[in-house]
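Colleague: structure here, sequence nowhere to be found:
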């Protein structure tokens, strides 16, 4: 497993993380999948209070050294008022059965609570040692700038956004370049576009041809394309061990520059609109 520096943290984490949104009702299977990922080099695990999977993560990580892991969770916009942020964090700490959260993220921008109020609480949590880094999720370029301007003592280290080879709106909006220039890590959720990449036969055929020299599958090439981009950390769903095995192997694929350029051109033919433009459940 390759490790990359995560934003401005000065900390190196696995180039791929695992996501726990909508991972299914079979808790034993979920736990097995997360443990398999950890035992095969992944130390970055993402969850959220809204997912309801924090207890699942707690169960999966209990037999591992906490200091070796990078655990991220999120607070839902309903809890963005100062006191609610503090309470939500304490609740997440209890559910995760841990003394600290490596990365605490604002799940979506709030339409009602001033970002300055929310970030004041986040910085207090940093002072208390309950969280080690502050991140945002699903923030646009302008929202990211506003969040950064609201900080008094600490920095925003990441933005979790939908990003994959066929959904690259963050490039057109300027968000990708802004994050890259400001050393803000980009956590790419839905790295396979909720399966839409593999449902397009022409796209699969194209990726399959490109995958031959790398002895890889189309999905591995799509994940490797993200991993080979600076400051990007895909988090495929930890749904089952078999999928995890295939996903983890993609982290070791070094795509040649000329092939990366060819893959960069794929989106215009197979574009899929981001889920964020249709709903806010992620």
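Modeller: Noted; the coordinates are in hand. No experiment lies behind these values; they were computed from the predicted model shown. Numbers count the residues shown, from 1 in each chain.
Colleague: helices along the stretch 151-282 of the chain, start to end?
Modeller: All helices of the stretch 151-282 of the chain, identified by DSSP state H, counting those that start in this stretch, fall at 169-173, 175-181, 201-211, 218-227, 241-249, 257-264, 267-270.
Colleague: can you verify my assumption that residue 8 contacts residue 179?
Modeller: No: the pair residue 8 / residue 179 is not scored as a contact, 10.9 Å apart, by CB atoms under 8 Å. In this view, the C-beta of every residue, glycine as well, is placed from N, C-alpha and C.
Colleague: residue contacts, residue 163?
Modeller: 170, 176, 186, 188-191, 226, 232, 234 (CB atoms under 8 Å, 6 or more residues apart in numbering).
Colleague: now the two most distant members of those residues.
Modeller: Spatial extent of the contacts of residue 163 (CB to CB) is set by the pair 176 and 190 at 15.6 Å.
Colleague: show me which of those two is the more surrounded one.
Modeller: Ranked by neighbour count (other CB atoms under 10 Å), residue 176 and residue 190 place residue 190 first, with 25 against 21.
Colleague: list the contacts for the closest residue to residue 48 other than its chain neighbours?
Modeller: The shortest distance from residue 48 to any non-neighbouring residue, by CB to CB, 6 or more residues apart in numbering, is to residue 74 (3.8 Å). Contact analysis of residue 74 by CB under 8 Å, 6+ apart lists 47-50, 104-107, 137, 160.
Colleague: columns secondary structure on top of these, output as a markdown table?
Modeller: Listed next are these as a markdown table, based on DSSP: H, G, I helix; E, B strand; the rest coil:
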| residue | secondary structure |
| --- | --- |
| 47 | coil |
| 48 | coil |
| 49 | coil |
| 50 | coil |
| 104 | strand |
| 105 | strand |
| 106 | strand |
| 107 | coil |
| 137 | strand |
| 160 | strand |
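Colleague: for the residue nearest the centre of the chain, list each beta-bridge partner.
Modeller: By CA atoms, centre = their mean, the mean C-alpha position of the chain lies nearest to residue 187, the distance being 3.4 Å. On the basis of DSSP bridges, residue 187 is bridged to residue 160, residue 233.
Colleague: who are the neighbours in contact with it?
Modeller: With CB under 8 Å, 6+ apart, residue 187 has these contacts: 17, 46, 72, 135, 137, 158-161, 233-235.
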